[in-house]
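> Sharing a sequence plus its predicted fold:
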Amino acid sequence: MNGVQETGGPDDALVRAAQHGDRAAFGLLYARYSRMVHGILLARVPFSDVDDLVQDVFLQALPRLNTLREISRFPGWLASIARNRAIDFHRRTKPTDEFDEESDSAQSGTHAPFANHSSHSSAEAHAILQAIRSLPDAYREPLILRLVEGMTGPEIAARTGLTHGSVRVTLHRGMQQLREILGRKASPPTGGAL
Amino acid sequence: MTKNPTNPENEKMLKEDYLWDASGTPDLEIQRLESLLAEFRHTNRALVLPAQIPVAPRKFRALLIPMLTLPRLATATAILLAAGLTLFFFPRPKPEPETGPAWDVANLQGAPQIGTKAIAANQTAAKFRVGQTLVTNNDSRASLSEADLGEIRIDPNSRVRLVQTDANRKRIQLDVGTIHAAIWAPPGTFVVDTPSAVAIDLGCSYTLHVAPDGSGELHTTYGWVGFHLLGRDSFIPAGAMCSTRPEQGPGIPYFEDATPAFREAIVQFDSSVENSAERSAAIAKILSEARAHDALSLWHLLFRVNAAERSQVYARFAVLVPPPQGVTRPGILNLDQSMLDLWWNSLGLGEISQWRFWQQSAYPQPPPNTQPLLQEK
């Protein structure tokens, strides 16, 4: 099993209408899939660039929609465009420019992620995001879709074209790894409590 | 993947209901992560579509493969392909169109802009052309006019693009903001694309507002307007209003002089989940509060309820506005279009043939899979 759903998607009619030039249908697809695209990009590029790249992804997808032969593959196809757009972003960006926004919090690494330090919440949020980004590809996307975009596992499965089982496993294992990373960051070298 | 219940990891995984679908006992650790990370969440910024969308050739792969099997053509194909891709992807400035059909544009207040150029207060010959975007900030307003169309006033904080203007169709895209349209073109000529519905003028004047999240609201002051998304239609006659939302399209239109309870019930219905107790309560309230005038809303409700609920709506509708000759209960319960059209025409709110004519001209060959969405319940 490859973890990809084979059945027709619930948005097939929308995709078909958009292929026929229905702009409102494409707008609806944007409404339904923009969170997924946002999450995929956020897993790979600086937060400050994500909104613009989301627009880019949909503007790249629109003229190519009629090349999509199996419309039930739309979610995976759109996700691929988003991932490629993130790769393209890094090709065009100087390495030193990347992830500047997180550098302070990422370098500090001293926050206790599960403790109640409200005054440091934003820096802490950046540190957690950075920790998720350090996870393997297979885990960081589902975790960002779940924890940042607020999507449920079933929604993630529906939007990405993956099976429920596959999403459940990646969420579970990704969360385990995230706990380990954040636990290491939160603990001083002598092994003190959180 | 098959879950083995004897595997400890699987057992633990199956207990993580909150991580899976936010159900079960809330996991405080995950809730805290969600709360902290919410600042990075997608903000539902509206998508801005270009007026002209290039279309990639559908048969490209099918053509490419046999061509590459011919050695003499392979090199030429590769060169053409590289050139084509370069032209397609290379970012190039798009010159502002200076020719072609145009509408007159006037500055009503402040400094509205077309592209990067501000429209001067005393500018008399400013033109708004296909492909251009008019933007107003929080203290500017503008008006668009075209001799065969009418006048459209643009309120502050709006963004409008001219998509099409020819003898048969005048089309703009309202991404965000508010317009007031007074249209004298034939019904069906003037069309406004919004992120959550398409507004089709059927001989009228109206106000249309689009919020930054793509939701919209239309108030008709004269004539009537059609709101359309993927076969979901709402007709809004003078004195009525209708909301539309990106995930759902047009809601149930209602007269603004309806009782507050009736209006609240319509809003509740539009935002409720099908087969929920909330929806049942909203339908009951709509039916009990409806006046004869509110048959407008009941007619739309027929399309958006399940079979059992449709029977209730029919009963109330028939009391308020007796079905005309040729309209039967079984026909309405089966959503017979000709009978529904006859009943609509008996309401005196506009001839539905105008709408059918627009549908035929706009969607001569509707995509086959839109049918299930046309009949939602």
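Noted; the coordinates are in hand.

> how far does stretch B:159-179 sit from the chain's center?
Chain-centre distance of stretch B:159-179: 13 Å, with C-alpha atoms, centre = their mean, to the nearest Å.

> wait, stretch B:22-37
The answer for stretch B:22-37 is 35 Å, by C-alpha atoms, centre = their mean.

> what's the answer for stretch B:242-255, then?
Taking C-alpha atoms, centre = their mean, one finds stretch B:242-255 lying 9 Å from the centre of the chain it belongs to.

> tell me the secondary structure for residue B:200?
Three-state call for residue B:200 (DSSP: H, G, I helix; E, B strand; the rest coil): strand.

> what are the bridge partners for it, then?
On the basis of DSSP bridges, residue B:200 is bridged to residue B:191, residue B:226.

> tally of neighbours for it?
24 (other C-beta atoms under 10 Å in any protein chain shown). For the C-beta atoms, the positions are set from N, CA and C on the backbone; glycine is no exception.

> For it, give its distance to chain A.
To chain A, residue B:200 is 12 Å away according to C-beta to the nearest C-beta, to the nearest Å.

> which other residues reach stretch B:321-341?
Identification of contacts with stretch B:321-341 by C-beta atoms under 8 Å, 6 or more residues apart in numbering or on different chains yields B:292, B:295, B:299, B:302-303, B:307, B:310-311, B:314, B:318, B:342-343, B:345-347, B:352-353, B:356, B:375.

> repeat that with 6 Å
B:295, B:310, B:314, B:342, B:343, B:346, B:352 (C-beta atoms under 6 Å, 6 or more residues apart in numbering or on different chains).

> Give the buried residues for it.
B:321, B:323, B:327, B:331, B:332, B:339, B:340, B:341 (16 or more other C-beta atoms under 10 Å in any protein chain shown).

> now the third one: how far from chain A?
Separation of residue B:327 from chain A (C-beta to the nearest C-beta): 30 Å.

> Grab the nearest non-local neighbour of that residue.
Spatial nearest neighbour of residue B:327, chain neighbours left out: residue B:339 (4.6 Å); criterion: C-beta to C-beta, 6 or more residues apart in numbering or on different chains.

> Tell me the helices and strands packed up against the helix or strand harbouring residue B:103.
Take DSSP states H and E as the rule and residue B:103 turns out to sit in strand B:102-109. Packed against strand B:102-109, as judged by 3 or more C-beta pairs under 6 Å, 6 or more residues apart in numbering or on different chains; DSSP states H and E, are the following elements: strand B:127-129, strand B:141-146.

> Save the ones you listed as a markdown table, and put in mean pLDDT, distance to chain A and mean neighbour count too.
What follows is the helices and strands packed on strand B:102-109, written out as a markdown table (pLDDT from 0 to 100; distance: least, C-beta to the nearest C-beta, whole Å; neighbours: other C-beta atoms under 10 Å in any protein chain shown):
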| stretch | mean pLDDT | distance to chain A | mean neighbour count |
| --- | --- | --- | --- |
| strand B:127-129 | 91 | 19 | 19 |
| strand B:141-146 | 92 | 20 | 20 |
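
> can you tell me the helix or strand for the residue nearest to residue B:327?
Using DSSP H and E, residue B:339 sits in helix B:337-346.

> Run the chain-centre distance for that helix.
24 Å.

> Which positions within the helix or strand encompassing residue A:171 qualify as buried?
Per DSSP H and E, residue A:171 falls inside helix A:164-186. Buried residues in helix A:164-186, counting neighbours by 16+ other C-beta under 10 Å, are found at A:164, A:166-175, A:177-178, A:181-182, A:185-186.
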